[in-house]
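Participant: okay, predicted coordinates and the sequence, questions at the end:
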Amino acid sequence: MAGQSLLKVQGVETYYGNIRALAGVDVEVNKGEIVSLIGANGAGKSTLMMTIFGSPQARSGKVVFEGQDITKMPTHEIARLRIAQSPEGRRIFPRMTVLENLQMGASLDNLKYFSEDVEKMFTLFPRLKERQAQRGGTLSGGEQQMLSIGRALMARPKLLLLDEPSLGLAPLIVKGIFEAIRKLNQDEGLTVFLVEQNAFAALRLSDRAYVMVNGKVTMSGTGKELLANPEVRAAYLEGGRH
Amino acid sequence: MAETTISTVKPEGNLVQRGLKEGLFAGAISLGLFVLFVGLKTDQNMQNELILVPRWGLLAIFVIVAAVGRFLSIVFLQPWLAARKAAKAEEVKAVTEEEGFFRKHFNKIAIAALVLYPPIVLSLVGVQGSLKFVDNFGIQILIYVMLAWGLNIVVGLAGLLDLGYVAFYAVGAYSYALLSMHFGLSFWVLLPVAGILAALWGVILGFPVLRLRGDYLAIVTLAFGEIIRLVLINWTEVTKGTFGISGIQKATLFGIKFDASPEGFARMFGLPMSSAYYKIFLFYLILALCLLTAYVTIRLRRMPIGRAWEALREDEIACRSLGINTVTTKLTAFATGAMFGGFAGSFFAARQGFVSPESFVFLESAVILAIVVLGGMGSLVGIAVAAVVMVGGTELLREMQFLKMIFGPDFTPELYRMLIFGLAMVIVMIFKPRGFVGSREPTAFLKERRAISGSFTKEGHG
């Protein structure tokens, strides 16, 4: 299974008006891998994630998923190819209950596997089970992140995109969430593409990683290699973010 | 905290004493305040001279209201509020668990009451007397309930602020009026046709505004409402402009007409001729339409499209990333909401027998939206209550002729409708910022819970 290319980003350039946010990015994610993308604020990490999802669309270059060119597809059709996303800022539905949020995640299959998958989510994130009847907006940040990931997983994705799952969360909760991602990857072979500022945790978790600076990928390698790389250490790890 | 407990424990006499003192004080202040504003009025006499007209009676009313209000507030309202606060703090749990019978079966009781309303009114005030109650208080309120429930789909569920909803009401009304006039089709054929036409206009409005949200959307929908009204005014060859269309065919009950002819309803059943029977028939008709709206809304909320509407209201970007086509979702919301507006419109035309652009001004949209917001967006019960309060309140004002004895013969209470509306809205928004029923009923439960709630409903039936 592993080794086969699932997502390929080739020379993608994305603009916000006249401002170039991505300057020719090449990234590849293979089946069964956890790949992370690290970089400083404003490097274009989230833009790449959103470009994969078609909003905004790439001005040049190609995004290929399972051999299919998805560069110009509308977002909802990309989602139907079973790419799921836990977006930046989590974006759960605040007035809907936890269970309803999960239902929304399962709407692609019209709830066919809902009861089965909900049980799975509740074993993965037991906190969600306790909170199932609560409104999403009343959850803590960590619980919201769990819900956001759980909602994405309800679609039975082939590829899970996570945008800064550790943002604003306590270290212990981040650890729990990363543990859950690792478990999903090991037990079910879920492919994960992770965008993180928390470079240390991300690199330890990933099979491979890319480093992004000013809209370009400047370095890539296995998680271990990058962790040992002095430049990466100086720029992202010894700055104090652990 | 200590203060409130002491004041509630204090002997009653002390409180009354304080109330009297503060009441007198408030009376004195209002006397000082109003003596020139209210107590004296300048007027012109026959010689074109300014004269002072004293209005001591009115002044006395102002002062008495202030004094008595202050007294009541001190003696009853404040201790009651304090006691309620204390009770709330003590046992929140017990109150929520112990839902009364009335609360639990509120919907069934309300529907039963509405079904029984016309016969009860008939037996109490007779055939002619029932006209006012069935027509003004019954049908009028139910039309607004239906309109507000229709708008609720667009605003409350899908979160698309629509200030031109009355346009669809107009489309429905004119569809029925024109098609029945030119083609002689019956109400029952044209009711669905009017709904479909309105839904079509909903889609036509929906397309250009797909990318808009919030204030921008509101402005475009407002303009749309005005465009429809102006077309109705200016396209005189078809709509007869401001004269309106009169003599619109009435609705029939399985082909039985409500007129004085031998095969009319009254003759057929050997009843004296009265328009009250038609009104009662219309009452049940609009009640049925309302229940249909409620049923469809409740069903849709549990279906994928209804869930998508609600998710769309919460977060459009998240919706798209979950594979929901936001374009079709918005269009269906506009179309469904508009369809119910169209139904209500054709009913309105059949009831009035006359339509003109006058009935479809922006104020109507505003009132319908106000009902939805006051009731609590998304809550059917809350909206129905708000419609009763707002529309019923207006009708009640018309009835308050006794106010003329206080404020003079020129006083027309219904002119103060908007003032009272505004006041009511401010008060509701202060105390219940999410409307009368602000809580949202979840639609998803796990199996165990569903089983429990299912057994409860069975109990209710038995």
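Facilitator: The structure has been received and is ready for your questions. No experiment lies behind these values; they were computed from the predicted model shown. Numbering: from 1, shown residues only, chains lettered A, B, ... in the order given.
Participant: close to chain A: what parts of the stretch 201-350 of chain B are there?
Facilitator: Counting by CB under 8 Å from any CB of the partner chain, the stretch 201-350 of chain B comes close to chain A at B:304, B:307-308, B:310-311, B:313-315, B:317-326. C-betas here are computed from N, CA, C, even on glycine.
Participant: which non-adjacent residue is nearest B:Leu163?
Facilitator: B:Leu222 (4.0 Å; CB to CB, 6 or more residues apart in numbering or on different chains).
Participant: can you count the residues close to the closest residue to B:Ile256 other than its chain neighbours?
Facilitator: Closest residue in space to B:Ile256, ignoring its immediate chain neighbours: B:Phe265 at 5.2 Å, by CB to CB, 6+ apart. A total of 20 residues lie near B:Phe265 under the criterion other CB atoms under 10 Å in any protein chain shown.
Participant: just the pLDDT for the most centrally placed residue in chain A.
Facilitator: With distances taken as CA atoms, centre = their mean, chain A has A:Leu162 as the residue nearest its mean C-alpha position (1.5 Å). Note for A:Leu162: predicted pLDDT of 93.
Participant: was I right about it contacting A:Leu153?
Facilitator: No - assessed by CB atoms under 8 Å, A:Leu162 is found out of contact with A:Leu153, at 10.7 Å.
Participant: okay, the host helix or strand of B:Ile383 in PDB with CA atoms only?
Facilitator: Using DSSP states H and E, the element containing B:Ile383 is helix B:380-399. Written as PDB, here are the backbone C-alpha positions of helix B:380-399 (Å, rounded to 0.1, in the frame of the first residue of the first chain):
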ATOM      1  CA  LEU B 380     -41.800  27.100  15.500                       C
ATOM      2  CA  VAL B 381     -43.600  27.500  18.900                       C
ATOM      3  CA  GLY B 382     -41.800  30.700  19.700                       C
ATOM      4  CA  ILE B 383     -42.700  32.200  16.400                       C
ATOM      5  CA  ALA B 384     -46.300  31.200  16.700                       C
ATOM      6  CA  VAL B 385     -46.400  32.900  20.100                       C
ATOM      7  CA  ALA B 386     -44.700  36.000  18.700                       C
ATOM      8  CA  ALA B 387     -47.300  36.200  15.900                       C
ATOM      9  CA  VAL B 388     -50.100  36.000  18.400                       C
ATOM     10  CA  VAL B 389     -48.600  38.700  20.500                       C
ATOM     11  CA  MET B 390     -47.700  41.100  17.600                       C
ATOM     12  CA  VAL B 391     -50.700  40.600  15.200                       C
ATOM     13  CA  GLY B 392     -53.200  39.900  18.000                       C
ATOM     14  CA  GLY B 393     -51.800  42.900  19.800                       C
ATOM     15  CA  THR B 394     -52.500  45.100  16.800                       C
ATOM     16  CA  GLU B 395     -56.100  43.800  16.500                       C
ATOM     17  CA  LEU B 396     -56.600  44.300  20.300                       C
ATOM     18  CA  LEU B 397     -55.500  47.900  19.900                       C
ATOM     19  CA  ARG B 398     -58.300  48.500  17.400                       C
ATOM     20  CA  GLU B 399     -60.700  47.200  20.000                       C
END
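Participant: which parts of the chain are strands?
Facilitator: If you meant another chain, say so; for now it's chain A. A:5-16, A:19-30, A:34-39, A:60-65, A:68-69, A:83-86, A:159-163, A:191-196, A:208-213, A:216-222 (DSSP state E).
Participant: switch to chain B, that's the one I care about
Facilitator: Going by DSSP E, chain B shows strands at B:40-44, B:50-54, B:245-246, B:354-355.
Participant: can those strands go into JSON lines with extra columns for mean pLDDT, mean neighbour count and distance to B:Asn14?
Facilitator: Below are these laid out as JSON lines (pLDDT from 0 to 100; neighbours: other CB atoms under 10 Å in any protein chain shown; distance: least, CB to CB, whole Å):
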{"stretch": "strand B:40-44", "mean pLDDT": "82", "mean neighbour count": "11", "distance to B:Asn14": "39"}
{"stretch": "strand B:50-54", "mean pLDDT": "83", "mean neighbour count": "10", "distance to B:Asn14": "39"}
{"stretch": "strand B:245-246", "mean pLDDT": "90", "mean neighbour count": "17", "distance to B:Asn14": "67"}
{"stretch": "strand B:354-355", "mean pLDDT": "92", "mean neighbour count": "22", "distance to B:Asn14": "63"}
